[in-house]
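J.: only geometry, no sequence info:
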């Protein structure tokens, strides 16, 4: 394998090879790059140009398999990073293949046009012979030679693209586009076989969705967008199959569409369903199933009327189609095999989305409920009245004949005439069976004679043999109980009293249009009629008691409650059943997915193991084959060499001992043999050249004397030939001159007549020329006048147009100027108003600021007054407290002095004890307890605007504030008050003097002592 090169280098090498005509080598170089290990790590920006060139070379050389391998590898690389690149490459691939097909068609057309040598000859012998042998025309052979190979390649291109893009959610859009392009290809070239294969391929891809569900980019049909893409593709497939008239494939496409519709979570678009039912009508009509054809028309009409948007004429035509298709349904059951018919009818019913199988009566009732009878044409309305409403078997055919003639003239209704003829015969026989018990065959044929005489298509259905065959078919299918007596020439309508009881909802002849009950009906309904008569008698003899109004209301209420309860139970039961179905479906889907994943995993492992074994076995076989081939080549070369040397005979080589000789020895022997042959050949050449030289010298020596004699003889012969030629030429010239003189003499007699005739012709021609010239001159003048008037008119219109444009422009400018002035005035007014608003806001703001400043000043004055008042109050309290403490200390001192003994002069008391000075410990009052502590007086409430009063701040809590106050007040500043808890309390409460202050009683409020401090 060649070493990996850069993508740009590989592309340049390929372009160089293509420029010198080596396209195979260029394609091989690009293919080798795809097989390299480093191909996956190459950036896509470099790979896309290479891939496009690779596709161009594959298309040019029709290498479909090589292109498929390259596209697969490129998809595996680019599907995770750049889906647009894959789409570009695939589109380029298909475009190039399509362009080649068009080019081949153009070449074929040119070849057919150039292949005809004689345009007047209808056929050549070669074309007759080829036509007799092959049966093809010239164009067919040319197309088969030029166009067919490229058509095959284009078809392979579509298949390759679909195989490359299948089962990948990221490539789903381009996959559906390619599928629809393939449908257009089949439709354009009428490729019915390829279309069937394409449909099978798409079905296979859709069936493999569950198989590849474990992959990274698997398709999820639960996604509405993905499902819509598949529905669009299936509808395109359905339309193409109908246009190609592949009705079996169209029916399969309908089944595919229905399967996808059942998977959809939301209802499809009405236009899509209308297309679906319209295609079903064509399919059922081509298959001859008139019942389901009419049912499809009914569904189509229901969808169209629900959509709306149709004109009255279109609705009229659709109503006629619906009613005619329902009337064209044959009366009676047409199924031969009941089981097979049930299965088939159930499938068709499911495709139409109907709850049960349709019947002729139900279709007619549904059509009438949709107001079809009023919308349809008059001829269809008369046909309905004649077949379904009136009962006149003797004039039925004569009444229908003109209606059939009218319908035959309309292409949309003419296709229903064979079915309508069968429906007419069935209706005629059913009405005759209601009136007659037997009827002459000739009379029956006279009744259908008006239809037989009409010149419409299918009128031969009313011949003698056809009518008899239809009667026997009705008897065989048990639609009529009838017997034919050919000996007497009549038919008998049998009325069996014990005939099989039919379903009343069926559309047999016995149940439709009955004007009197048959014997079987009387027998079947005898007991029910007797029971009805007895019940009426009992009611007459023993009438039921009339219920009161309250009883009726109670019963009615009970019935309503029972109905509600039953409805609720039914809804609950339906919800339970629906939920069970959902759970079962989810469970089955889950099981299917698990089983599919397990099966896929098992298959993947088996494939990997098998591929590994195959790879090992292939590698081993390749090694053995290479060894055997090398040995075989060596042996064969040695054998051939020895054989060639033996055949030459110059060397003696024993073939039996050839295995003992090596290739080198054989080559040495061959070289010796070649050298020997070369020497022998050189010697032979020298001898032959010497002999030829001597012979040539002898020839020239002998012919030298004979050359002069030969030259003289040749001169004499040339002179004789020249003289004879001159005599012959002079004689022929003299004879031609005499003939020319005789001709001139003969023609000179006609010269006068020639000149006369020429003068007459010239005069006539000159008169005719003058007339034509005068007419042309008049025409020129008229055209000039018309042109002048037209130009003047155009100039006048142009002038008016310019004046009008100028007027409009001036009006627009004036309008714009007026609008600008209004806008400018409006802006000035807005600016003035904004300025006034701004000035008012500023004035209001200044007033508010002045009010706020005034209020702040008032509050500040009030606060200062309150502070001053508090300070004075605090000062008076401190002075009162000091006086009280002083009085208490004096009283304590007096008490101590009274209780202590008098001391003598030596410092002893009278009791002989030593006298000591009382210490501060004995004089100081005891430490007050928490309960006896005097609380500070209650603070008077300050005015609302004044902030909370702080005694420490009022008294100058800091030493700097106290010092400044002392300097300002002359030093008479009270000291900082003590904490209330640190003040000593008296042991006994003594009455204080009335000093003008009110004592505040202590409050027994507990306060934490932590962090507050205690007085010592």
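T.: All right, it came through fine. Please read these numbers as outputs of a predicted model, since none were measured by experiment.

J.: how many neighbours does residue 305 have?
T.: By the measure other CB atoms under 10 Å, the count of residues near residue 305 is 16. Backbone N, C-alpha and C define where each C-beta goes, glycine included.

J.: element containing it?
T.: Residue 305 belongs to helix 290-307 when elements are defined using DSSP states H and E.

J.: Need the residues that contact the helix or strand following that helix.
T.: Next in sequence after helix 290-307, counting helices and strands by DSSP H and E, comes helix 312-327. Residues from elsewhere that reach helix 312-327 (CB atoms under 8 Å, 6 or more residues apart in numbering): 281, 290, 293-294, 297-298, 300-301, 304-305, 310, 360, 363-364, 367, 370, 372-373, 375-377, 380, 383-384, 387-388, 407, 412-413, 416, 420, 423.

J.: Would you mark the buried spots in the helix holding residue 305?
T.: By 16 or more other CB atoms under 10 Å, the buried positions in helix 290-307 come out as 290-305.

J.: quick check, nearest of those residues to residue 74?
T.: residue 303 (44.5 Å; CB to CB).

J.: Just give me the residue right at the centre of the chain.
T.: Geometric centre of the chain, nearest residue: residue 229, 3.9 Å, by CA atoms, centre = their mean.

J.: returning to what we had before: buried ones from the contacts of helix 312-327, can you make that a PyMOL selection?
T.: This is the PyMOL syntax for the buried subset of the contacts of helix 312-327, where burial follows 16+ other CB under 10 Å:
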select buried, resi 281+290+293+294+297+298+300+301+304+305+360+363+364+367+370+372+375+376+377+380+383+384+387+407+413+416+420+423
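
J.: Show the model's pLDDT score for the residue nearest to the centre of the chain.
T.: As predicted, residue 229 sits at a pLDDT of 78.

J.: That one sits in which helix or strand?
T.: Using DSSP H and E, residue 229 maps to helix 224-243.

J.: elements contacting that helix?
T.: helix 172-189, helix 192-207, helix 247-263, helix 270-287 (3 or more CB pairs under 8 Å, 6 or more residues apart in numbering; DSSP states H and E).

J.: can you give me the angle that helix makes with helix 270-287?
T.: Comparing the axes of helix 224-243 and helix 270-287 via axes from the mean of the first three to the mean of the last three CA atoms, to 10 degrees yields an angle of 30 degrees.

J.: Tell me which residues are up against helix 224-243.
T.: 169, 172-173, 176, 179-180, 183-184, 186-187, 195, 199, 202, 206, 219-221, 247, 249-250, 253-254, 256-257, 260-261, 263-266, 268, 272, 275-276, 279, 282-283.

J.: let's see 7 Å
T.: Contact with helix 224-243 is made by 169, 172-173, 176, 179-180, 183, 186-187, 195, 199, 219-221, 249-250, 253-254, 256-257, 260, 263-266, 268, 272, 275, 279, 282, as judged by CB atoms under 7 Å, 6 or more residues apart in numbering.

J.: tilt between it and helix 247-263?
T.: With the same axes, to 10 degrees defining the directions, helix 224-243 sits at 160 degrees from helix 247-263.

J.: Give the buried residues for stretch 385-393.
T.: Buried, per 16+ other CB under 10 Å, within stretch 385-393: 386, 387, 393.

J.: Can you lay out these as CSV showing secondary structure, distance to residue 842 and pLDDT?
T.: Output for these, formatted as CSV (DSSP: H, G, I helix; E, B strand; the rest coil; distance: CB to CB, whole Å; pLDDT from 0 to 100):
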residue, secondary structure, distance to residue 842, pLDDT
386, helix, 98, 81
387, helix, 97, 81
393, coil, 108, 80
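
J.: need the residues you listed in JSON lines with distance to residue 782, can you?
T.: Formatted as JSON lines, the buried residues of stretch 385-393 follow (distance: CB to CB, whole Å):
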{"residue": "386", "distance to residue 782": "68"}
{"residue": "387", "distance to residue 782": "70"}
{"residue": "393", "distance to residue 782": "78"}
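
J.: So which of the residues you listed is the closest to residue 98?
T.: Distances from residue 98 to those, taken by CB to CB, are shortest for residue 387, at 53.8 Å.

J.: hang on, isn't the closest one packed against residue 428?
T.: No: applying CB atoms under 7 Å, one finds residue 387 not in contact with residue 428, separated by 9.9 Å.

J.: before we move on, the earlier item: what does the helix holding residue 305 rub up against?
T.: By CB under 7 Å, 6+ apart, helix 290-307 touches 270-271, 273-274, 277-278, 280-281, 284-285, 310, 318, 321-322, 325-326, 328-330, 348, 352-354, 358, 363, 366-367, 370, 419.
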